[in-house]
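> Mind looking at a prediction? Sequence and model below.
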Amino acid sequence: MRVLVTGGAGFIGSHTTLSLLEQGHDVLVVDDLSNSSEESLRRVAELAGREPGFVKANVRDEQALDAAFADFKPEAVIHFAGWKAVGESTQIPLVYYRENVGSTITLLETMAKHDCHTIVFSSSATVYGELSEPPFVEDAPTGATNPYGRTKHMVEQILTDVAAADPQLRVGILRYFNPIGAHESGRIGEDPKGIPNNLLPFVAQVAAGRREKLMVFGDDYPTPDGTGTRDYIHVVDLAAGHLAALDYLGNNDGCHVWNLGTGKPNSVLEVVHAFEAASGVEIPYEIVARRPGDVASSYANVDRAHQELGWRAEKSVADACADTYRWQSANPNGFGEG
């Protein structure tokens, strides 16, 4: 299958691109490299033994996207491209609405123009907000607590409406929880530009000496140790979930929603201690104020993905910590030189 992957040079996108290539699919990545590196795609090609195509462009660029579709003629799209920092989204919400919602509208219009009728969308557990209690099921009430989550929720609504209006469109919405880890080779992993917004890359950078200490946002949540609990899923398991969704959409019309997680919550401090155990490195940390928009606990009910996709997360937090440490040790400056 010819699959166009937006944001395919990023953390989850690169691992999914690798899985697609390994499964024999042809891949074209469209990415503006605003929070990623083309080096990740060079390493994906090295690991897969074959190269993905690449177009450097923002998905909101109608002309560039139209040209990419005309040349590649994709049969399906996996849509990762977007801004993703919860805290930042509360400070610059208009950028988040423009990039995340605007890019999706442009993408759907271009897909319709070129008779591409299958899309898998990278959504987020943030759409559950505080209206539901974990473990979250796909039919639970949704209502995000921050602009980032609201952009994901809006895109879900757009996809649902467009699928209802176009019986040819096949939509898979993947609400995943907290991706962590790296490829077991240590060749690709998470390399955010600037200060990491996610827990494990920050911990890894502290271990590598790039950061002095970890800031833990709040220890007064109603959780066992007071720190927020999340459902941490290994990125390789997450990539496999995207391929399972693509396979499902090949035989099923309409719009479908699946949680991708482990179903097991771990606290911030549990992850820190798991990384210390995997690496042998002590991680200094400081408790600071809660971060705007964060919820106390978020973890998945994953029964639907198991029943409908035949998918289940196989790797543990300990696996993810070991893989992250291997990636960070081999690449102390990420995909940069030196």
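Cool, got the structure. Residues are numbered from 1 along each chain as shown.
> All the helices of the protein, in order from the start?
Assigned by DSSP state H, the helices in the chain fall at 11-22, 38-48, 62-72, 86-91, 93-96, 102-113, 147-165, 199-207, 235-249, 268-279, 303-304, 317-330.
> so which of the ones you listed gets nearest T227?
Each of these was scored for nearness to T227 using C-beta to C-beta, and the closest is helix 268-279 (3.9 Å). To be clear about C-beta, it is placed using only N, CA and C from the backbone, and glycine gets the same treatment.
> Tell me which other helices or strands that closest one touches.
Judged by 3 or more C-beta pairs under 8 Å, 6 or more residues apart in numbering; DSSP states H and E, the packing partners of helix 268-279 are helix 199-207, strand 214-217, helix 317-330.
> go with 10 Å
strand 178-180, helix 199-207, strand 214-217, strand 229-230, strand 232-234, strand 266-267, strand 285-288, helix 317-330 (3 or more C-beta pairs under 10 Å, 6 or more residues apart in numbering; DSSP states H and E).
> L41: what's it in contact with?
Residues counted as contacts of L41 (C-beta atoms under 10 Å, 6 or more residues apart in numbering) are 8-9, 13-14, 17-18, 27, 29, 31, 33, 51-54, 188, 335.
> Let's see that with 8 Å instead.
Going by C-beta atoms under 8 Å, 6 or more residues apart in numbering, L41 touches G8, A9, S14, T17, V29, E51, P52, F54.
> ok, what's across the strand from the last one?
Legend: beta-bridge partners of F54 under DSSP bridges are V29.
> Buried residues, stretch 129-142. List them.
G129, S132, P134, P135, F136, E138, A140, T142 (16 or more other C-beta atoms under 10 Å).
> Can you tell me, leaving aside adjacent residues, what's nearest to the third one?
Spelled out, that is P134. Residue nearest to P134 in three dimensions, not counting chain neighbours: Y299, with 4.8 Å by C-beta to C-beta, 6 or more residues apart in numbering.
> burial of that neighbour, as a residue count?
Residues lying near Y299 (other C-beta atoms under 10 Å) number 22.
> Next, it: phi, psi?
Here the main-chain torsion angles of Y299 (degrees, to the nearest 10) amount to phi -150, psi 160.
> For it, give me the pLDDT.
Y299 is assigned 94 on the pLDDT scale.
> again with G194
pLDDT, read off for G194, is 81.
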